[in-house]
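1. My questions are about this predicted structure, shown below with the sequence.
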Amino acid sequence: MFSASWSYDLYMYFKLGEYPITWLANIAASSVLYICAGLMWSLDNVPKRGIIFGFMEPGWPGTAITPWSAKTLWYALPFMLIVAGMIIPFLL
């Protein structure tokens, strides 16, 4: 939370001289970004099971993560699109 939400709030506090009124919306948006990133990076290609989240494996977190493949990318794409959809409006 510090990297995306609280650091922005701190920046706005020093810029405006008061705590920003957008703090609650910023926490919600930051949480969505962190959840999407965590789920995307948890994707794992497990033999005989296919693409799953690594934390669904019985031995997690000690299980070995297999390298990403083109198939994994298709499962990661929805998470990437959600994050891109949240960031692109700020770049326009």
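-> Okay, I see it. Numbers count the residues shown, from 1 in each chain.

2. Count the residues that sit near the closest residue to residue 45 other than its chain neighbours.
-> If you skip the residues right next to it in sequence, residue 45 has residue 66 as its closest partner in space, 4.8 Å away by Cβ to Cβ, 6 or more residues apart in numbering. For the C-beta atoms, the positions are set from N, CA and C on the backbone; glycine is no exception. Residue crowding around residue 66 was assessed by other Cβ atoms under 10 Å; the count is 14.

3. Now do the contacts for the most centrally placed residue in the chain.
-> Taking Cα atoms, centre = their mean, the centroid of the chain lies closest to residue 37, which sits 2.2 Å from it. Shown in contact with residue 37 (Cβ atoms under 8 Å, 6 or more residues apart in numbering): 79, 83.

4. what helix or strand does it sit in?
-> Assigned by DSSP states H and E, residue 37 belongs to helix 23-41.

5. buried set for that helix?
-> Buried residues in helix 23-41, counting neighbours by 16 or more other Cβ atoms under 10 Å, are found at 26, 29, 30, 33, 36, 39, 40.

6. May I have that helix as PDB, with CA atoms only?
-> C-alpha atoms of helix 23-41 as PDB (Å, rounded to 0.1, in the frame of the first residue of the first chain):
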ATOM      1  CA  TRP A  23      -7.700   8.900  -0.100                       C
ATOM      2  CA  LEU A  24     -10.500   6.400   0.000                       C
ATOM      3  CA  ALA A  25     -10.800   6.100  -3.800                       C
ATOM      4  CA  ASN A  26      -7.000   5.900  -4.000                       C
ATOM      5  CA  ILE A  27      -7.000   2.900  -1.600                       C
ATOM      6  CA  ALA A  28      -9.700   1.100  -3.600                       C
ATOM      7  CA  ALA A  29      -7.900   1.700  -6.900                       C
ATOM      8  CA  SER A  30      -4.500   0.700  -5.400                       C
ATOM      9  CA  SER A  31      -6.000  -2.500  -4.000                       C
ATOM     10  CA  VAL A  32      -7.400  -3.500  -7.400                       C
ATOM     11  CA  LEU A  33      -4.000  -2.900  -8.900                       C
ATOM     12  CA  TYR A  34      -2.200  -5.000  -6.300                       C
ATOM     13  CA  ILE A  35      -4.700  -7.900  -6.500                       C
ATOM     14  CA  CYS A  36      -4.400  -8.000 -10.300                       C
ATOM     15  CA  ALA A  37      -0.600  -8.000 -10.100                       C
ATOM     16  CA  GLY A  38      -0.600 -10.700  -7.500                       C
ATOM     17  CA  LEU A  39      -3.000 -12.900  -9.400                       C
ATOM     18  CA  MET A  40      -1.100 -12.400 -12.600                       C
ATOM     19  CA  TRP A  41       2.300 -13.300 -11.200                       C
END
